[in-house]
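> Sequence and predicted model, in that order:
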Amino acid sequence: MKAAVVTEFGGPLVVKDIPIPQPAPEQVLVKMETCGVCHTDIHAAQGDWPAKPTWPFVPGHEGVGVIEAVGSQVSRDRIGERVAIAWLGSACGECDHCVSGWETLCETQQNSGYSIDGAYAEYAVAHAKYVVRVPDGISSFDAAPLTCAGVTTYKAVKVGGVTPAQRVAIFGVGGLGHLAVQYAKIAGGFVTAVDIEDEKLELAKELGADHTVNSATTDPVEAIQALGGADVAIVLAVIPSVFDQAFRSLRRGGRLVCVSMPAHGVFPIPIFETVVGGISVLGSIVGTRTDLREVFALHEAGRTTVSAVSRKLDEVNDCFDDLMAGRVTARQVFEF
């Protein structure tokens, strides 16, 4: 099968033929139809996060395809089921985090396209209990970005505790941000979208943003504070200085939700302002399987729109370059 493989940190991915993997007893073999391109895949290929994958490996955690074979412990009834392979490849299912609905915090979890091979390939194996069925009313093309970009921003809105009529600032409108705008609107928030690209801000307006700020020409802190300050600020941009902007855009009692993880990023928090202003600083990782099912349900009901462009696996290195250079308005999706 054809796959894109990381053979060394910092080098180009190698698209080559490798053997089709065989499912272990608890796994399923999925013939991939689509896979989204996430900034995390670039971090994986660069090896620039503190917890590094071990190469060679196949990236990809926004995979959608059809189960073609199953392991000995999986019902054959699942053959033919269309499923999503998400970042959470598996978890222990027994720790405090798993049993309390926070499986994405499990300390022994495996992550698709990072600690285990992912979906930048024509076939992939995945744990049968951790793939999520894709509803019939959602195309595989749309389902791919929803599997990470969607569930990650949906969870961030939940973690931020957005309630009707609260002011929400979304820093970074791209593959994640265009969906974050929509989830914040669904939660009833008044949304201000912040980015440095007019094209992305126009997309945010089309998707319901109440205000937009081009931070390349306008101070986003002043603009947001002029609107009364943000109750919730969600950071999706991979630029460390943006975290400070988002923090300073909050009104008293505000919540800063940190999602993006810039390589070697450090965010010094002003203690006095945090304490006196009653500010909460929250980290938000991807959502759970339940969150993903909710994301799919919203999309099938017509409540969200996915903005993405189709790419071929052979273009993987160009995809990474385009994403890093800011030439991608929203999401890129490999179609197999």
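Done, it's in.
> Where do the helices of the stretch 51-200 of the chain begin and end?
Using DSSP state H, counting those that start in this stretch, the helices assigned to the stretch 51-200 of the chain run over residues 96-99, 140-145, 151-159, 177-186, 198-206.
> Does Leu203 touch Ser307 like I think?
Yes: between Leu203 and Ser307 there is a contact under C-beta atoms under 8 Å: 6.1 Å. Bear in mind the C-beta positions are built from the backbone N, C-alpha and C, glycine included.
> Name the residues contacting each of these two.
Counting by C-beta atoms under 8 Å, 6 or more residues apart in numbering, the shared contacts of Leu203 and Ser307 are 178, 329-330.
> just for this structure, where's the confidence low?
Within the chain, not a single segment meets pLDDT under 70.
> Next, the residues that contact the helix or strand hosting Ile42 from outside, please.
Ile42 belongs to helix 39-46 when assigned by DSSP states H and E. Applying C-beta under 8 Å, 6+ apart, the external contacts of helix 39-46 come out as 6, 9-10, 13, 49, 53, 57, 59-61, 87, 113-114, 120, 148, 175, 238, 260-261, 263, 320, 323-324.
> next one: it to chain centre, how far?
In terms of C-alpha atoms, centre = their mean, to the nearest Å, the centre of helix 39-46 is set 12 Å apart from its chain centre.
> how about the CA coordinates for it, as CSV?
What follows is helix 39-46, C-alpha atoms only, in CSV (Å, rounded to 0.1, in the frame of the first residue of the first chain):
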residue,chain,number,x,y,z
HIS,A,39,-0.6,21.1,12.3
THR,A,40,0.1,18.3,14.8
ASP,A,41,1.3,16.2,12.0
ILE,A,42,4.0,18.8,11.3
HIS,A,43,5.1,18.8,14.9
ALA,A,44,5.2,15.0,14.7
ALA,A,45,7.4,15.1,11.6
GLN,A,46,9.7,17.8,13.1
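> Now do it against helix 151-159, angle only.
Put simply, helix 39-46 runs at 120 degrees to helix 151-159, going by axes from the mean of the first three to the mean of the last three C-alpha atoms, to 10 degrees.
> Roughly how far does Ala4 sit from Phe336?
11 Å (C-beta to C-beta, to the nearest Å).
> residue nearest the centroid of the chain?
The centroid of the chain falls nearest to Ala149 when counting by C-alpha atoms, centre = their mean (3.1 Å).
> what's near enough to touch that one?
36, 38, 62, 175-176, 179, 331.
> out of those, which one sits closest to Arg248?
Leu176 (21.6 Å; C-beta to C-beta).
> thought the closest one was touching Lys155?
No: taking contacts as C-beta under 8 Å, Leu176 lies outside contact range of Lys155: 11.0 Å.
> Who has more neighbours out of those two?
A direct count of neighbours by other C-beta atoms under 10 Å for Leu176 and Lys155 places Leu176 higher, at 26 against 23.
> Which residue, neighbours along the chain excluded, lies closest to Glu103?
Nearest non-adjacent residue to Glu103, counting by C-beta to C-beta, 6 or more residues apart in numbering: Ala91, 4.5 Å away.
> what are the phi and psi values for Gly254?
Dihedral pair for Gly254: phi -70, psi 160, per degrees, to the nearest 10.
> so how far is Thr290 from it?
Per C-beta to C-beta, Gly254 is found 27 Å from Thr290.
> Comparing those two, which shows the higher neighbour count?
A count of neighbours by other C-beta under 10 Å puts Gly254 above the other of Gly254 and Thr290, at 23 against 12.
> quick one: that one and Gly160, what's the gap?
Distance, Gly254 to Gly160, using C-beta to C-beta: 9 Å.
> Need the overlap of contacts for those two.
Common neighbours of Gly254 and Gly160, using C-beta under 8 Å, 6+ apart, are Val232.
> that older thread, if you rank the shared contacts of Leu203 and Ser307 by neighbours, which is first?
Tallying neighbours with other C-beta under 10 Å puts His178 at the head of these, with 31 neighbours.
> hang on, that one packs against Glu202?
No: His178 is not in contact with Glu202 according to C-beta under 8 Å; the separation is 10.8 Å.
> now for the longest strand seen in the chain, which elements pack on it?
Looking across the chain with DSSP state E, the single longest strand is strand 27-37. If contacts are counted by 3 or more C-beta pairs under 8 Å, 6 or more residues apart in numbering; DSSP states H and E, strand 27-37 sits against strand 63-70, strand 82-85, strand 123-127, helix 140-145, helix 316-324, strand 331-335.
> of these, which approaches Pro19 most closely?
strand 123-127 (9.5 Å).
> then that closest one to PDB, C-alphas only?
Taking Å, rounded to 0.1, in the frame of the first residue of the first chain, the C-alpha atoms of strand 123-127 are listed here in PDB:
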ATOM      1  CA  TYR A 123      -4.900   1.300   4.900                       C
ATOM      2  CA  ALA A 124      -4.600   1.700   8.600                       C
ATOM      3  CA  VAL A 125      -5.300  -0.500  11.700                       C
ATOM      4  CA  ALA A 126      -7.000   1.000  14.700                       C
ATOM      5  CA  HIS A 127      -8.500  -0.200  18.100                       C
END
